[in-house]
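Asks: Sequence below, structure please.
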Amino acid sequence: MPAFRPPRLARQGAGGGRVMHWCVEETSLSQCAHPRWSYEEALKKVNAASAAFAIAQKAMNHIIFVFVLLSLLAGCSPTRGNEYAVHLDVAFTAAETQAFLDGMSDWESNTRARFHPEIGSCPGEHDGQICAMVSGPLGNAPDGGGVMWASTRDANLHDGGTIRVDVDLFRSGRLTGDQFRQMAAHELGHALGLPHLAPFTLMAAANAYSSPVVTLDDVYEYNNLRAR
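Replies: I've put the predicted structure just below:
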C-alpha cells in the first residue's frame, strides 16, 4: 500500500492552472485521485476551515473561562467562625426580640456558636456580623412554597448575613409566636452558613416539616461547614 502524501498545489494542463491534488507515492500528477479543486476553490475551503476553527477555539476559550470562574467562586465561600455580633432592629417588639434571643440560645446550646446581641441599627455587612431587620412583604418563595416569612441575604458572601422579617404576618395574628421563634432560629442558621436541609430539621425548606429546635443534622452541617 503506497504511503499517503499530504495535499499539494501543482500545475496541470496547457493553461498552467493550479489544482489541489490528493496524491499517493509513485503516482504521477496526471494520475492523481479525485477530488480535484481549482486553486481558488481550495483557498476558499482552507479559509472556511480556518474560520470555523477560530470560532470553535473562541467558544472553547469562553467555556474554559466560565469553568475557571465557577471553580473560583465555589472556592470563595467565606471562612466560617463561631463568634457573631448580632444587631437587632429597634423596631422589633420585646416578644420578637426575645424570640431571636431564644433562637441564639438554642444554637449556642448545641454548637460552638457564640452571639453578642445588641439593639440598634446595622452598621454594615462584614464577616462575623448578623443583622436582623423589620421588613415589609417579601413576596413568594422562589420554590413556590408560598409567602416568605423572612429571608437572609449575603450569607454566601460574608460569615454572617442580613435577616429581614415580614413582621406584619405575625403582628396580624396569621402566624404565632412559636412560629416566629422557629423562623428566627431558622434564619440565624442561614446567617451561620447553613443551607436548607432535609425535612424535620430546623433548616428544612418547608415550614410545615421544620423542627422547632436545632437537630443533630443541623449541628452536623454547622460543624461540617467549619471543617472545610
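Asks: So this protein: which segments form each domain?
Replies: 8-74, 83-227 (automatic domain parsing).
Asks: most neighbours per residue, which of these?
Replies: Most buried of the domains of the chain by mean neighbour count (mean count of other CB atoms under 10 Å) is domain 83-227; its value is a mean of 17. In this view, the C-beta of every residue, glycine as well, is placed from N, C-alpha and C.
Asks: how far does that one stretch from start to finish?
Replies: 16 Å (CA to CA, to the nearest Å).
Asks: As TSV, the domains of the chain with mean pLDDT would be great.
Replies: Converted to TSV, the domains of the chain look like this (pLDDT from 0 to 100):
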stretch	mean pLDDT
domain 8-74	58
domain 83-227	91
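Asks: ok, now which ones touch G189?
Replies: Applying CB atoms under 8 Å, 6 or more residues apart in numbering to G189 gives the contacts 107, 202-203, 214, 218, 222.
Asks: among the residues you listed, which are in helices?
Replies: Using DSSP state H, the subset of the contacts of G189 located in helices is 107, 218, 222.
Asks: Packing partners of the helix or strand containing A85?
Replies: If you go by DSSP states H and E, A85 is part of strand 83-88. Applying 3 or more CB pairs under 8 Å, 6 or more residues apart in numbering; DSSP states H and E, we find strand 83-88 packed against helix 94-110, strand 114-119, strand 129-135.
Asks: Show me what the second one is in contact with.
Replies: Okay, so that is strand 114-119. In contact with strand 114-119 (CB under 8 Å, 6+ apart) are residues 82-88, 90, 97, 100-101, 104, 107-108, 130.
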